[in-house]
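>>> no sequence for this one, just the structure:
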């Protein structure tokens, strides 16, 4: 290429060309293949090096667009970029060369993107103009997150940033990012996780959730090209619905609030059609969906056990409220799983959380309120412990008692600010009282127990360990209102 043409490329990227120079560049792009390749290559180097020096959303978008126009990065180009950067002192990198000047890039950004898009059309041939690589944008966010573009360019995520198919979004441990799909009302919120965006072979949306959880409101999708979400354990297929999907402890958890989601195990191939109000778990060879629970309030729900596992020694938390508080049955021979959901405890057995339930403790400490809801039946006379939150030195007084040997819906509410508690059976209040401070002064090693065999509260109050059936246990970080308690009758659900 002649020196004049080199000067044109430099002037174009430097935003110093006048109107006549810009018209000449456009003519050469349209008619000269050699100039076109040289210009797009320079644009790509410009965007990549600037992204390295000034990593922001605009640089990442520029580098991604130009990279898609001319193909993937060659190893030699990466090595050349590294050599250039290594020779520039860090304190002077912002002004060491014409392609690294931040003000020049800012002034030329709009022209660069426009010409890069034109180059993409010229290089790939004629076609529709709706094939933009961008599929979603960040509507809002809290905390830190990074975006790794399809070309490997890493940038800090920011509201308004557009995301291309083939990229990966990663949030911090306490951060979340809400995405809005372009051209429709599909919304996805990623909490403390890693989410890949792609386009499926059938043209539908494709997501890959490697860690964390997503809450989705999916607009109606074409039946032939539904939204597909893959996790390490399963694949969910969605046409249009509201749901929460999470990857925790080598398992995938699904909670459907509206519509229908098909969940398929990645190992065994089992398929579950999960309806609104139901939950599902895929963990190794375990693959089950609980029955819908339309009468169970969702607001403030921090743990939920529906006992739909059908086998095994683990009771899965299907609340979808964060890291699950799963429970382990010490002696599986002491219990029988019931068809349709339920745990029949034939003899006293220790059932407790696998680890301290820090998430539950944090939520209850923050709100200073709690509610336990259970559907249970005892098989012998006497008062029996149902649920306990117990620490090594003290306990949170959340035990329930069954009044007779038939299934009952039981509720215990506690306001930790005042110490007032209330007991409800089948929707009606049966007793109230006030706790002493020691009952809710608990340490940081709190465990959740079912059945009361290892519960210090059952020993102190002389409650018997449960022998009977559990159909449902739910824990909230708020006090349910009276009308909610009347409606919250799991045993009355159709």
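On my side now, so go ahead. Treat the numbers as computed from the prediction; the structure is a model and nothing was measured. Numbers count the residues shown, from 1 in each chain.
>>> mind checking which helix or strand residue 42 is in?
Residue 42 is part of helix 33-53, with elements assigned from DSSP states H and E.
>>> Mind checking the pLDDT average for that helix?
Averaging pLDDT along helix 33-53 yields 62.
>>> chain center to stretch 278-298: distance?
17 Å (CA atoms, centre = their mean, to the nearest Å).
>>> Could you tell me the end-to-end distance of it?
Distance between the two ends of stretch 278-298: 12 Å, counting by CA to CA, to the nearest Å.
>>> Identify each buried residue in it, please.
Neighbour counts over stretch 278-298 (16 or more other CB atoms under 10 Å) mark 278-283, 286-293, 295-297 as buried. Glycine gets a C-beta too; all of them are placed from N, C-alpha and C.
>>> what sits against the most centrally placed residue in the chain?
What sits nearest the mean C-alpha location of the chain, by CA atoms, centre = their mean, is residue 213, with 1.9 Å. By CB atoms under 8 Å, 6 or more residues apart in numbering, the contact set of residue 213 is 190, 191, 192, 193, 244, 245, 246, 247, 248, 253, 320, 322.
>>> any idea how this structure splits into domains?
3-124, 134-265, 301-492 (automatic domain parsing).
>>> Let me know which of the ones you listed is the nearest to residue 274.
Nearest to residue 274, of all the domains of the chain, is domain 134-265, at 4.9 Å by CB to CB.
>>> and that closest one, how far apart are its ends?
Domain 134-265 has an end-to-end distance of 30 Å (CA to CA).
>>> What of stretch 332-350?
Distance across stretch 332-350, first residue to last, is 10 Å (CA to CA).
>>> Reformat the domains of the chain as CSV; add distance to residue 274.
Compiled in CSV, the domains of the chain are given as follows (distance: least, CB to CB, whole Å):
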stretch, distance to residue 274
domain 3-124, 36
domain 134-265, 5
domain 301-492, 11
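>>> Which one of the ones you listed lies nearest to residue 273?
Among the domains of the chain, domain 134-265 comes nearest to residue 273, with 5.5 Å by CB to CB.
>>> who wins for proximity to residue 271 among the domains of the chain?
domain 134-265 (5.0 Å).
>>> avg pLDDT for the closest one?
93.
>>> Distance of residue 449 relative to residue 9?
72 Å (CB to CB, to the nearest Å).
>>> quick one: which of those two has more around it?
Neighbour totals were compared for residue 449 and residue 9, and residue 449 leads with 26 against 22 (other CB atoms under 10 Å).
>>> which residues does that one contact?
Contacts for residue 449 (CB under 8 Å, 6+ apart) come out as 350, 351, 352, 353, 385, 387, 388, 389, 390, 455.
>>> Please produce JSON lines containing these, extended by neighbour count, secondary structure and pLDDT.
Shown next, in JSON lines, are these (neighbours: other CB atoms under 10 Å; DSSP: H, G, I helix; E, B strand; the rest coil; pLDDT from 0 to 100):
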{"residue": "350", "neighbour count": "17", "secondary structure": "coil", "pLDDT": "91"}
{"residue": "351", "neighbour count": "27", "secondary structure": "strand", "pLDDT": "94"}
{"residue": "352", "neighbour count": "20", "secondary structure": "strand", "pLDDT": "92"}
{"residue": "353", "neighbour count": "22", "secondary structure": "strand", "pLDDT": "92"}
{"residue": "385", "neighbour count": "24", "secondary structure": "coil", "pLDDT": "78"}
{"residue": "387", "neighbour count": "28", "secondary structure": "strand", "pLDDT": "86"}
{"residue": "388", "neighbour count": "26", "secondary structure": "strand", "pLDDT": "83"}
{"residue": "389", "neighbour count": "25", "secondary structure": "strand", "pLDDT": "81"}
{"residue": "390", "neighbour count": "25", "secondary structure": "strand", "pLDDT": "78"}
{"residue": "455", "neighbour count": "27", "secondary structure": "coil", "pLDDT": "52"}
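>>> which of these lies closest to residue 21?
residue 353 (69.9 Å).
>>> Could you pull up the contacting residues of the closest one?
So residue 353 contacts 325, 326, 327, 328, 447, 448, 449 (CB under 8 Å, 6+ apart).
>>> Quick check: nearest residue in space to it, chain neighbours excluded?
Once flanking residues are discounted, residue 353 sits nearest to residue 448: 4.4 Å by CB to CB, 6 or more residues apart in numbering.
>>> distance of the one you found from residue 8?
To residue 8, residue 448 is 70 Å away according to CB to CB.
>>> The two: who's more crowded?
Between residue 448 and residue 8, counted using other CB under 10 Å, residue 448 has the larger neighbour count: 27 against 21.
>>> what's the pLDDT at the more buried one?
Note for residue 448: predicted pLDDT of 89.
>>> how about it, secondary structure?
Assigned by DSSP: H, G, I helix; E, B strand; the rest coil, the conformation of residue 448 is strand.
>>> Which ones among the contacts of residue 213 map onto strands?
Taking DSSP state E, the ones among these that sit in strands are 190, 191, 192, 193, 244, 245, 246, 247, 248, 253.
>>> burial count for the fourth one?
What that stands for is residue 193. With other CB under 10 Å as criterion, residue 193 counts 22.
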